[in-house]
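Student: here are the coordinates; sequence isn't available:
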Ligand SMILES: O=C(O)[C@H](O)[C@@H](O)[C@H](O)[C@H](O)COP(=O)(O)O
């Protein structure tokens, strides 16, 4: 795992945004359509904001970038709880994306149920070939996406595992969500973990300590690289 240590969340977000632009440019130069899995949470939001205000934003044709979400809260379209709203208010407001390439999880007011929304999202993810980058905010308990420690959803790792699952009774509100599984996240070429602030120091230490193979944030890796983007506070308990 590569560690990208930065002095603050803002510095971290700007550096990550620069690297996202570079990943997308490289893929588009090769004639490809990059696919990025976005994350919710403070870290995810700051990276999106840093992208939106980045002076090299225009070097990527964002209308030829495919977007997924690592998880989404089960809420009506446009609700403050939704992770896709973070993108709408930042990156998507600063550039032009092709909504046909923006794969949102169905909203709770769209007429489908939670299980149906999860199954439909799994089908979308199964239909996507290459995932270039999966961003994952790390929770204080070491969760990523809506994959929480000790939960049965963590067992969805094999080749036959679904790409997305419905989550109920999430320990982090709101209680109902749709999440990509480890099986799906592990398909990504690059998996980036984002952790900033003293509140993440224990989780980061547990990930780097590699003593807990069951910790969600310690169980995800990319096929080409796994990077921990962290600030000094989040790395402060590193042994
Ligand atoms: O929907 C969500 O809640 C997020 O996807 C979740 O996985 C988040 O990334 C972590 O909980 C970190 O969130 P913070 O960066 O706000 O601590």
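Tutor: Great, that's in hand. Not measured: the values here are computed from a predicted model.

Student: Tell me the spacing between residue 19 and the ligand.
Tutor: 18 Å (Cβ to the nearest ligand atom, to the nearest Å). Where C-beta positions appear, they are placed from N, C-alpha and C, glycine not excepted.

Student: quick one: secondary structure of that residue?
Tutor: helix (DSSP: H, G, I helix; E, B strand; the rest coil).

Student: again with the one 5 residues further on
Tutor: Secondary structure for residue 24, judged by three-state DSSP, is helix.

Student: Neighbours of it, how many?
Tutor: Using other Cβ atoms under 10 Å, residue 24 has 24 other residues around it.

Student: Let me see the ranges of the strands in the protein.
Tutor: With DSSP state E as the criterion, the chain has strands at 2-6, 35-38, 66-69, 71-73, 133-137, 164-167, 177-180, 190-195, 225-231.

Student: Summarise which helices and strands the shortest one is packed against.
Tutor: Spelled out, that is strand 71-73. Using 3 or more Cβ pairs under 8 Å, 6 or more residues apart in numbering; DSSP states H and E, the elements in contact with strand 71-73 are helix 83-89, strand 177-180.

Student: Residues of this structure that sit close to the ligand?
Tutor: Counting by Cβ under 6 Å from any ligand atom, the residues of the chain close to the ligand are 39-44, 70-71, 73, 83, 137, 139, 143-145, 172.

Student: rerun at 5 Å
Tutor: 39, 40, 41, 42, 43, 71, 137, 139 (Cβ under 5 Å from any ligand atom).

Student: I'd say the third one and residue 137 touch.
Tutor: Same thing as residue 41. Yes: with contact defined as Cβ atoms under 8 Å, residue 41 and residue 137 form a contacting pair (3.4 Å).

Student: was I right about residue 220 contacting residue 185?
Tutor: Yes: with contacts counted by Cβ under 8 Å, residue 220 reaches residue 185, the gap being 5.0 Å.

Student: Between the two, which contacts overlap?
Tutor: Shared contacts of residue 220 and residue 185 (Cβ atoms under 8 Å, 6 or more residues apart in numbering): 134, 136, 144, 191.

Student: quick check, nearest of the residues you listed to residue 126?
Tutor: residue 134 (15.4 Å; Cβ to Cβ).

Student: show me where the protein has helices.
Tutor: 9-29, 41-52, 83-89, 91-94, 114-126, 182-185, 201-209, 216-219 (DSSP state H).

Student: Find me the pLDDT at the residue nearest to residue 135 when sequence neighbours are not counted, would you?
Tutor: The spatially closest residue to residue 135, leaving aside those adjacent along the chain, is residue 39, at 4.4 Å (Cβ to Cβ, 6 or more residues apart in numbering). Note for residue 39: predicted pLDDT of 98.

Student: which residues does the residue nearest to residue 222 when sequence neighbours are not counted bridge with?
Tutor: The shortest distance from residue 222 to any non-neighbouring residue, by Cβ to Cβ, 6+ apart, is to residue 191 (3.8 Å). Note on residue 191: beta-bridge partners residue 134, residue 226, judged by DSSP bridges.

Student: contacting residues for residue 191?
Tutor: Per Cβ under 8 Å, 6+ apart, neighbours of residue 191: 133, 134, 136, 185, 220, 221, 222, 225, 226, 227.

Student: any idea which of those has the most stuff around it?
Tutor: Going by other Cβ under 10 Å, residue 136 tops the contacts of residue 191 with 32 neighbours.

Student: pLDDT wise, what is the residue nearest to it when sequence neighbours are not counted at?
Tutor: In space, and not counting its chain neighbours, residue 136 is closest to residue 144: 4.1 Å by Cβ to Cβ, 6+ apart. pLDDT recorded at residue 144 is 98.
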